[in-house]
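> sequence first, then the predicted structure:
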Amino acid sequence: MRLISGKTTTEDSFFDFDLRPKRLDEYIGQDRVKENLRIAIVAAQKRGEPLDHVILYGSPGLGKTTLAYIIAAEMGVSIKVSSGPAIERPGDLAAILTNLQEGDVLFIDEMHRLSHTIEEKLYPAMEDFVFDIFLGKGPSARNLRLNLPRFTLIGATTRFALVSPPLRDRFGVTYHLGFYDETAMLTILQRSAAILKVEAEDEGLIPIARRARGTPRVANRLLKRIRDYAQVMADGVVTCAVALEGLAKLEIDSVGLDDIDHRVLHTIIEKFDGGPVGLDTIAASINEDADTIMDVYEPYLLQLAFLERTPRGRLATRLAYEHLGVPYKRDMSPQAGLWNQNQS
């Protein structure tokens, strides 16, 4: 697992529970989402109803699971947690739904990995709070309809486009979680340092915030590694110099790119003259899965404007050349180059 990957690890699961904010007031960043959620929660409480079904999407590590727990806490109800791959059969879904209490929150992570059969079973559960079970087979089969308590389904996904339109349409609200700015990242690091009892100067946390790729999970993971470095190689205090030394040892550059990010960019620039080049070709060149490149590596490179998606493939931008210290030779667009070739 990459140190700067937003995907959760066993170590993250161990620490995240303590580091996660428990209430909306403690949640840092995502101000628009927070404000809209606060209004929806207060309105539902005034009506004495469960909150509308919510779907959260965005890159890994941005706080989707944390928000689900916060929603349940703010509503004063219990939360049951599952994931798309874990719900394999209708019986699995029936067991989960029938154990819910009135107003409870059901959180399903990786919503896009639900099977078509499970999705169809969810439709009446979300709309009418009923679950249909078919007993027997053939002409003698009969339908048994179970009434469910009114509940709130919160779905989370990193690939919103893969959630089927019929399922998306049954959610009352949709929230997109974006990357965090440097100020929010620094505030998150200050809070995490206090919880983990890490002695850190603000100047020591700034380099970590800048390299955390706008992702709280990455920031917390880097903080733990720099804490280790400070304890072993320094006097235990995370200063600016200590943080920079530790990050250099981890081979994370000034904007948070690691060796794999560099390989992606160098492949496009050196092997394919800056692009455009197809995603599958990049994946084969660096021996990586195409979906992993698209879901894990590309979002941050796109945010930095180091990469451009075009109809013909991926294109390295001038900023990418400058960051890598490679002379920029693409003085004209690919279309212009093709036009000149056709003219000659």
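Sure, I can see it. The structure presented is a predicted model; accordingly, all values stated were derived computationally and were not measured.

> so, low pLDDT: which residues of the stretch 51-200 of the chain?
Scanning the stretch 51-200 of the chain for pLDDT under 70 picks out 135-141.

> which residues in it form strands?
Applying DSSP state E, counting those that start in this stretch to the stretch 51-200 of the chain gives strands spanning 54-57, 79-83, 105-109, 130-135, 142-147, 152-157, 173-176.

> identify all contacting residues around stretch 153-168.
53-60, 64-65, 67-68, 71, 105-112, 114, 116, 119, 122-123, 125-126, 171, 174, 176, 295 (Cβ atoms under 8 Å, 6 or more residues apart in numbering). For every residue, glycine as well, the C-beta is placed using N, CA and C.

> kindly export that stretch (C-alpha atoms) in CSV.
What follows is stretch 153-168 as a C-alpha-only set of coordinates in CSV (Å, rounded to 0.1, in the frame of the first residue of the first chain):
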residue,chain,number,x,y,z
LEU,A,153,-29.5,4.7,3.7
ILE,A,154,-26.1,6.4,3.3
GLY,A,155,-24.1,5.1,0.3
ALA,A,156,-20.4,6.0,-0.3
THR,A,157,-18.5,5.5,-3.6
THR,A,158,-15.3,6.5,-5.2
ARG,A,159,-16.8,5.9,-8.7
PHE,A,160,-20.1,7.7,-8.8
ALA,A,161,-20.6,7.0,-12.5
LEU,A,162,-20.7,3.2,-11.9
VAL,A,163,-23.7,3.5,-9.6
SER,A,164,-26.7,2.7,-11.7
PRO,A,165,-29.1,5.6,-12.6
PRO,A,166,-32.1,3.9,-11.0
LEU,A,167,-30.3,3.5,-7.7
ARG,A,168,-28.9,7.1,-7.8
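
> buried residues in it, which are they?
For stretch 153-168, a neighbour-count test (16 or more other Cβ atoms under 10 Å) marks 153, 154, 155, 156, 157, 158, 160, 163, 167, 168 as buried.

> show me which of the contacts of stretch 153-168 are buried.
Burial by neighbour count, 16+ other Cβ under 10 Å: within these this picks out 53-60, 64-65, 67-68, 71, 105-112, 114, 119, 122, 125-126, 171, 295.

> all helices for the stretch 51-200 of the chain, in order.
Applying DSSP state H, counting those that start in this stretch to the stretch 51-200 of the chain gives helices spanning 64-75, 90-98, 116-127, 165-168, 182-196.

> return the most buried member of these.
Across the helices of the stretch 51-200 of the chain, averaging neighbours per residue (mean count of other Cβ atoms under 10 Å) puts helix 64-75 on top, at a mean of 21.

> report the distance from it to the chain centre.
In terms of Cα atoms, centre = their mean, to the nearest Å, the centre of helix 64-75 is found 16 Å from the chain centre.

> and the angle for it with strand 79-83?
Orientation check (axes from the mean of the first three to the mean of the last three Cα atoms, to 10 degrees): helix 64-75 against strand 79-83 gives 160 degrees.

> other residues contacting helix 64-75?
20-24, 27, 30, 33, 37, 41, 44-45, 50-51, 54, 56-58, 78-79, 81, 103-105, 107, 109, 152, 154, 156, 175, 177.

> okay, now the domains of this protein?
Following the assignment in automatic domain parsing, the chain carries domains at 30-176, 182-249, 259-338.

> deepest-packed of these, please.
Stretch with highest mean neighbour count among the domains of the chain: domain 182-249 (a mean of 19; mean count of other Cβ under 10 Å).

> and that one, end to end?
22 Å (Cα to Cα, to the nearest Å).

> same check, this time on stretch 46-64
25 Å.

> that stretch: how far from the chain's middle?
That offset, for stretch 46-64, works out to 14 Å (Cα atoms, centre = their mean).

> before we move on, what about stretch 29-38?
Put simply, stretch 29-38 sits 17 Å off its chain's centre (Cα atoms, centre = their mean).

> mean confidence for that stretch?
For stretch 29-38, the mean per-residue pLDDT is 92.

> please apply the same query to stretch 264-281.
If you average the pLDDT over stretch 264-281, you get 86.

> tell me how far it is from the chain's mean position?
Centre-to-centre, stretch 264-281 and its host chain are 25 Å apart (Cα atoms, centre = their mean).

> so which of the helices of the stretch 51-200 of the chain gets nearest residue 143?
helix 116-127 (11.3 Å; Cβ to Cβ).

> dump the residue contacts of the closest residue in space to residue 216 that isn't next to it in sequence.
Excluding the flanking residues, the one nearest residue 216 by Cβ to Cβ, 6 or more residues apart in numbering is residue 188, at 5.2 Å. Counting by Cβ under 8 Å, 6+ apart, residue 188 touches 28, 29, 180, 216, 219, 220.

> please repeat the previous calculation with a cut-off of 6 Å.
By Cβ atoms under 6 Å, 6 or more residues apart in numbering, the contact set of residue 188 is 28, 216, 219.

> which secondary structure elements does the stretch of helix or strand the last one belongs to sit against?
Spelled out, that is residue 219. Using DSSP states H and E, the element containing residue 219 is helix 216-233. Judged by 3 or more Cβ pairs under 6 Å, 6 or more residues apart in numbering; DSSP states H and E, helix 216-233 is in contact with helix 182-196, helix 240-249.

> dump the ones you listed to JSON lines, plus distance to residue 205.
Converted to JSON lines, the helices and strands packed on helix 216-233 look like this (distance: least, Cβ to Cβ, whole Å):
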{"stretch": "helix 182-196", "distance to residue 205": "4"}
{"stretch": "helix 240-249", "distance to residue 205": "7"}
